[in-house]
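K.L.:
give the three-dimensional model of this entry:
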Amino acid sequence: PMVASKYLSKFSNLVRLILEQSREKWITVSEEIKVLQLYLELQQLRFENKFEYQFQVDDNVSVNTIMLPPMLTQPFVENAIEHGILPLEGSRGKIKIEISSDPRSLTILIKDNGVGLNAPKTPAKSKDSSKKKSLGIDITKERLEVLFNNDYQLEIRELFDEHQVAGTLVRISIPIDC
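P.N.:
You can find the predicted model right below:
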């Protein structure tokens, strides 16, 4: 009952934040981190601490004034967990979210030590994925295009460690002066 109560409390807070932010075109970096933090805490409870996570925000990032679209990073973090970390066998997953800025742009890196982009799907996973299509990344790409035209960068690639896949990197860079 205590774990269920903790989960429901966090879930309730997350839903409230998402609903509040859904009315906004822009939120602060601080608000985005808060939503991601709650989301990651819920996923840790759900998957019994199968992964750890870390935020690294450069000192030059003004988290209370730099604005970005709400829920920009969550679909990528969700994919890191679902498709990268959960299929890992024999090791604990790690997700690192790095946020930096320069005078013109905000850059967010999402790194995981999961199985990578081209890992073979397990039969159970393949069957499940044929029933539903993940739209989060496609919708996020469309939002980036509408909001920034071609003035953004999105890179998704595998990370390698001594010639073998060592995870996935997502790099999002958006202009600050919008």
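
K.L.:
list the buried residues in stretch 46-56.
P.N.:
Neighbour counts using 16 or more other CB atoms under 10 Å place Phe51, Tyr53 of stretch 46-56 among the buried residues. Using the backbone N, CA and C atoms, a C-beta is placed for each residue, glycine as well.

K.L.:
now do stretch 157-176
P.N.:
Within stretch 157-176, the residues scored as buried using 16+ other CB under 10 Å are Glu158, Val165, Ala166, Gly167, Thr168, Leu169, Val170, Arg171, Ile172, Ser173, Ile174, Ile176.

K.L.:
start and end of stretch 60-70, how far apart?
P.N.:
Separation of the first and last residues of stretch 60-70 by CA to CA, to the nearest Å is 21 Å.

K.L.:
neighbouring contacts of it?
P.N.:
Applying CB atoms under 8 Å, 6 or more residues apart in numbering, the contact partners of stretch 60-70 are 18, 21-22, 24-33, 35, 57, 99-102, 106, 143-144, 147, 174, 176, 178.

K.L.:
that one - what's its average pLDDT?
P.N.:
Across stretch 60-70, the average pLDDT comes to 95.

K.L.:
all further residue positions should be reported with the first residue as 48.
P.N.:
OK, 48 is where the count begins now, so the last one is stretch 107-117.

K.L.:
ok, Leu83 touching Val124?
P.N.:
Yes: if you go by CB atoms under 8 Å, Leu83 and Val124 touch, sitting 6.2 Å apart.

K.L.:
spit out the residues that contact those two alike.
P.N.:
Joint contacts of Leu83 and Val124 (CB under 8 Å, 6+ apart) are Ile144.

K.L.:
taking the buried residues of stretch 204-223, tell me the two that lie furthest apart.
P.N.:
Distance extremes for the buried residues of stretch 204-223: the farthest pair is Val212 and Ile223 at 33.0 Å, using CB to CB.

K.L.:
check which helix or strand the residue nearest the centre of the chain maps to.
P.N.:
Centroid-nearest residue in the chain, with CA atoms, centre = their mean: Val124, separated by 2.3 Å. If you go by DSSP states H and E, Val124 is part of helix 121-126.

K.L.:
chain center to whichever helix in the chain runs longest, what's the gap?
P.N.:
Secondary structure assigned by DSSP state H gives helix 49-69 as the longest helix of the chain. Between the centre of helix 49-69 and the centre of its chain there are 17 Å (CA atoms, centre = their mean, to the nearest Å).
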